[in-house]
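this one's sequence-less:
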């Protein structure tokens, strides 16, 4: 059997991407139990055999969809958190970070995915762990490292950096995120409202962890 050519690999990559995009739409609309591989194949415009060629079963496809979506959302925020340790204006950069975090977490697809993962926690507890580890826990770990560096520079007063990172995260996000999760509202939130939550979260955080007087 001849080795696959570059054209074959590109075609395969396109089909895999189409399958994942179709899976995202169907899983988020119907949930795990309500989704069939036939429906995903039809939406992706491929045969069911092609779907199974790329993904062994529905659980494998569901896991890949969750992991990919979380990684795509978390990566830009993680990079910004890592750059925070070199800031020259802690308050301004924390506000920017808070606003970007909120903007990302409150995207309709991320809200739908969070609800889906929570709803399937009994069936797939490992997916909840993947969501946490590759999303909020990864971000907060990077934040703890940045806060330690800022503390060493005298820009923050931080004892337990991991706790400080958790405080920052939930001071900013808990109100709008909990409201959206419990209401089922996926409409894009008012940007001015998110700005207010970001600014007030940072203000309260700095009142507790700001530089020594």
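Now that the structure is in, tell me what you want to look at. Just so it is clear, the model here is predicted, and its values are computed rather than measured.

Look up how far residue 111 lies from residue 132.
Distance, residue 132 to residue 111, by Cβ to Cβ, to the nearest Å: 16 Å. Every C-beta, even on glycine, is put in place using the N, C-alpha and C of the backbone.

For the two, indicate the residue with more neighbours.
Set side by side, residue 132 and residue 111 give different neighbour counts by other Cβ atoms under 10 Å, the larger being at residue 111 (20 against 14).

taking the mean pLDDT, what do you get for stretch 32-41?
The average of the pLDDT scores along stretch 32-41 is 92.

got a list of contacts for it?
Residues from elsewhere that reach stretch 32-41, judged by Cβ atoms under 8 Å, 6 or more residues apart in numbering: 19, 22-23, 26-27, 30, 47-48, 50-52, 58, 61-62, 116, 120, 123-124.

Relative to the whole chain's centre, how far out is it?
Its chain's C-alpha centre lies 24 Å from the corresponding centre of stretch 32-41 when counted by Cα atoms, centre = their mean, to the nearest Å.

quick one: low-confidence parts of this protein?
Scanning the chain for pLDDT under 70 picks out 1-9, 185-186, 188.

can you pull out the helices in the chain?
With DSSP state H as the definition, the chain shows helices at residue ranges 6-30, 37-44, 48-54, 58-83, 90-105, 108-119, 125-134, 136-152, 161-183, 191-209.
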